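**Q** Predicted model and sequence follow; I will ask about them next.
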Amino acid sequence: MRRTGSIIGTGAALALAAALLGPAPSGLAASQHKAINCAESENLCAEVADPSAFGGYYVGHDEPALLFYSNKAGSGNNVRYELTLPSDPPSVPLTTGKSFNFQLHPTFWFGMAMCDTQSYPEQINTCTPDSDSNILDPAVSPRHAGTAFTELQFYPPGWVGWPQNAASCDPVQWCAALNIFSFIRNPVTGQDLNATCQSLVSIEPGNFAFLTRDGRVPAGAPPNPVNSTVQTFTPDRARDLFMSSGDRLVVTMHDTPHGLQTDVQDQTSGAFGTMTASAANGFGQVQFAPDPSKSCTNIPYDFHPMYSTSSEQTRVIWTAHSYNIAFSDEIGHFDFCSNVAPNRKCSQREGSAADLEISDKDDNFCFNPQLATQVQVSGCTDSNTGFDGASYQAVWPDGNTADHPSPVLFSSPTIGPGYNQNFDRTAFEADLPRVEAADFNGPCDRSTGTGCTRIPVTDDGVPASFYPFFSTTSQGGVCRWAIGNDVPATTNDFGRNDQYGPLLFLDYLIVGGGGAVLTRTNDFRQVLTFQPCPN
C-alpha cells in the first residue's frame, strides 16, 4: 500500500479520499475506484467556458495568468522554466492578517494545450501532434482537432492531508502532479458523454499522476479517470517527489515519442521527479459514448502537445482562458469558517476577524482544525463566489515575511536546443468576466462586457479589498516574475490591476447549434509586443 505524506496517517488519508472522490464504475469495487469529480466544484479542474456542462453551475476558478507567445517551432511543445518555491511565515502565533500559501492558492501551475481525439469538439478522429495545422477558429469551422489541457500543478504544504478539495499533500513540503483535463462534448450536435459515465468520471475527466523519482506510476494507482483509485491520489514518500519551501527548481515540459514528459530538477536538494503522459504509464482517454450508451471505457493513450508554436491562435477552444503556454495562479478558494458542520459546510460565520459574516452558499468542502497539520485553522475550499476570502485580502507577498508568504518566483520560459532562446511576447490575462458572470451571481454581462471589472465585486456589493497582480523583480541579477503585491525588489508592476488590459471577446461554439458560434468575453487580456522579463 502506498504511504501517505501527511501526518494524518494512511488510514485517515484513504478515508478522506473515499469521502471526497467519485464513485466506482462497474468492474471496480467501491473501495477501489475514485476519480476527480469536476461536477462537484473540484478545485483543481480546468476551467470550462460553458456552465451548461454542469447543469448551469459554473465549475472553474479565478486564475490570473501569464501567457507566452513565440512563432519559433517548438515553443508550443518544448519549454523550460526556473522556479523558486515560496516560503510561509511561522505557523504561530496565528495573528490577524497572517496568511499562508494554502490559503492564497491550492495550486499554481504551468500549462500546455494537448491533443485528445476523444475530447471536444468530437468532429474529427485525428490530431497531428506538435503541429500548427491544428489551429482553427471556431467561426471558420467547428472541425477542430480534439483538445485537452495540461496543468503541471504544484501543491503547497501546511494545512490538511491530501487529496481532493484539500489544500496540501504534506504538512511541511511541496509536491507536484501532472494533470490532463479533457471535455467530453460534441457542441455541434449537443451530445455529451453518457450520464452513467459522467456520474463516474464527470464530463470533464482528468488524468492525474504525481511526479515520481523514477518516472513510473506505481501499481494500483493508474492516472486515467476510468481506472483511477484512492491510491492514485495518495502521496507516497517512498516514490514521489517532495520539495521544500525556498527550493530552486528547473521545470521542463517537452514532447517525447510516447507523450509529454514533465521533469522537475530540484537544484537545492538534488532530487529529481518526472512523469510522462503515456499509455505505458496508465494514461488514457475516456471514449466518447453519448446516451443511450452506458459504457465508460478507457482507451490507453499517449498525450502529445497539440501545437508547434504558441500565440493568440493556439487556443483550447472549450476553456474560458485563451492560453496555450502559460503560468497561472489558481486563487479564490479558501475562506475562514467559525464552525464546520458534519456535512462539511460552514454552519455559523465565515471570513476573517475583520469581516465576519453569516456563512453562505459558497462555504463548502470545509475542514475542522483537528484535520489540520502545521496550521491549526478551520476553513472552506469551494470557489469563493463572494470574493471575500483570503485571496482577496491584502495578505499576499509584500515583503512582510513575518506575516505573509514570500512570492512565487519564476522565469519566463525558454526554448531551443539548449533552452537559450526567449519567447517573443508576453500577455497578462485574468478570467474575471467569467467568474463575475450571472451563474456566479455576478454583474458581468459576457455578451456586452457591461458590469465586468478588473477587481471583482464582493457579495456586499463593493470592490474586493485586493486582487493579485504580476510584477518583475531581480533574483541574483536575473529577471523573475512574481505574483501578489509589490515587494521591496519590484522592478515593474505594469500598472498593477490595469495590467490585465481590455476585455477580450472570442468565438465559442453554441451547444447544439450545428456549428454556429457566439461571441462573448471571458477574460481581460493585454498583449505586450515584447518580452519584458528575458532570461
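**A** On my side now, so go ahead.
**Q** show me where pLDDT drops low in the stretch 251-400 of the chain?
**A** Under the criterion pLDDT under 70, the flagged ranges of the stretch 251-400 of the chain are 353-354, 370-374.
**Q** quick one: the strands in the stretch 51-200 of the chain?
**A** Assigned by DSSP state E, counting those that start in this stretch, the stretch 51-200 of the chain shows strands spanning 65-69, 78-84, 107-115, 147-155, 174-182, 185-186, 191-192.
**Q** Can you say which of the ones you listed is nearest to Phe272?
**A** Closest approach to Phe272 among the strands of the stretch 51-200 of the chain (Cβ to Cβ): strand 174-182, 11.8 Å. C-beta coordinates here come from the backbone N, C-alpha and C atoms, glycine included.
**Q** who does the closest one touch, helix- and strand-wise?
**A** Judged by 3 or more Cβ pairs under 8 Å, 6 or more residues apart in numbering; DSSP states H and E, strand 174-182 is in contact with strand 147-155, strand 206-210, strand 242-243, strand 259-266, strand 272-276.
**Q** Partner strands of the longest one, with direction?
**A** What that stands for is strand 147-155. With DSSP bridges as the test, strand 147-155 is paired with strand 107-115 (antiparallel), strand 174-182 (antiparallel).
**Q** Indicate which one of the ones you listed is closest to Ala53.
**A** Nearest of the strands paired with strand 147-155 to Ala53, taken as Cβ to Cβ: strand 174-182 at 12.0 Å.
**Q** when you compare where the closest one runs with where strand 272-276 runs, what's the angle?
**A** Strand 174-182 runs at 10 degrees relative to strand 272-276, counting by axes from the mean of the first three to the mean of the last three Cα atoms, to 10 degrees.
**Q** So for strand 174-182, what gets flagged as buried?
**A** Residues of strand 174-182 classed as buried: 174-182 (neighbour count, 16 or more other Cβ atoms under 10 Å).
**Q** out of those, what pair is the most spread apart?
**A** Trp174 and Ser182 (26.3 Å).
**Q** Now do Glu122 against Glu350, distance only.
**A** Remark: distance between Glu122 and Glu350 (Cβ to Cβ, to the nearest Å) = 41 Å.
**Q** Likewise for Pro93?
**A** Taken as Cβ to Cβ, the span from Pro93 to Glu350 is 22 Å.
**Q** Tell me which of those two has more neighbours.
**A** With neighbours defined as other Cβ atoms under 10 Å, Pro93 and Glu350 compare such that Glu350 has more, 24 against 6.
**Q** For Pro443, see how far away the more buried one is.
**A** Look at Glu350 and Pro443: by Cβ to Cβ, they are 21 Å apart.
**Q** who are the neighbours in contact with the nearest residue to Phe154 once chain neighbours are set aside?
**A** Closest residue to Phe154 apart from its sequence neighbours, by Cβ to Cβ, 6 or more residues apart in numbering: Ala176 at 4.9 Å. Under the criterion of Cβ atoms under 8 Å, 6 or more residues apart in numbering, the contact list for Ala176 reads 152-155, 210-211, 241, 243, 264, 273.
**Q** swap in Asp445?
**A** 438, 451-452.
**Q** change it to 6 Å
**A** Gly451 (Cβ atoms under 6 Å, 6 or more residues apart in numbering).
**Q** Relative to the whole chain's centre, how far out is stretch 177-186?
**A** 12 Å (Cα atoms, centre = their mean, to the nearest Å).
**Q** Same question for stretch 456-476.
**A** 18 Å.
**Q** just for the chain, where's the confidence low?
**A** Those would be 1-31, 39-43, 51-52, 54-60, 159-168, 353-354, 370-374, if you go by pLDDT under 70 across the chain.
**Q** Show me what the longest strand anywhere in it packs onto, helices and strands only.
**A** When the chain is parsed with DSSP state E, its longest strand is strand 517-528. Judged by 3 or more Cβ pairs under 6 Å, 6 or more residues apart in numbering; DSSP states H and E, strand 517-528 is in contact with strand 425-430, helix 432-435, strand 503-509.
**Q** Just list what the first one packs against, helices and strands only.
**A** Helices and strands touching strand 425-430, as assessed by 3+ Cβ pairs under 6 Å, 6+ apart, comprise strand 65-69, strand 517-528.
**Q** and these, which is most packed in?
**A** strand 65-69 (a mean of 24; mean count of other Cβ atoms under 10 Å).
**Q** for the closest residue to Phe303 other than its chain neighbours, what are its contacts?
**A** What sits nearest to Phe303 in space, not counting adjacent residues and going by Cβ to Cβ, 6+ apart, is Ala277, at 4.0 Å. Applying Cβ under 6 Å, 6+ apart, one finds that Ala277 lies in contact with 180, 259-260, 283, 303.
**Q** which of the residues you listed lies closest to Thr117?
**A** Phe303 (10.5 Å).
**Q** so who does the closest one touch?
**A** Under the criterion of Cβ under 6 Å, 6+ apart, the neighbours of Phe303 are 114, 180, 259-260, 277, 283.
**Q** Show me which pair in those is furthest apart.
**A** Met114 and Phe283, at 10.6 Å, using Cβ to Cβ across the contacts of Phe303.
**Q** if we look at stretch 204-214, which residues are touching it?
**A** 36, 38, 45, 176-183, 217, 223-225, 239-241, 264, 273, 275, 283, 286.
**Q** hang on, Pro369 packs against Val375?
**A** No - counting by Cβ atoms under 6 Å, Val375 is not a contact partner of Pro369; they are 8.9 Å apart.
**Q** so Tyr419 sits right up against Val79, yeah?
**A** No - look at Tyr419 against Val79 with Cβ under 6 Å: they stay out of range, at 8.0 Å.
**Q** okay, these two: which has more neighbours?
**A** When Tyr419 and Val79 are compared for neighbours, Val79 comes out ahead with 25 against 17, by other Cβ under 10 Å.
**Q** Next, the buried residues of stretch 335-355.
**A** Result for stretch 335-355 [16+ other Cβ under 10 Å]: buried residues 335-337, 340, 344-346, 350-352, 355.
**Q** Between the two ends of that stretch, how far is it?
**A** 11 Å (Cα to Cα, to the nearest Å).
**Q** what's the answer for stretch 436-448, then?
**A** 13 Å.
**Q** just how off-centre is that stretch within its chain?
**A** 22 Å.
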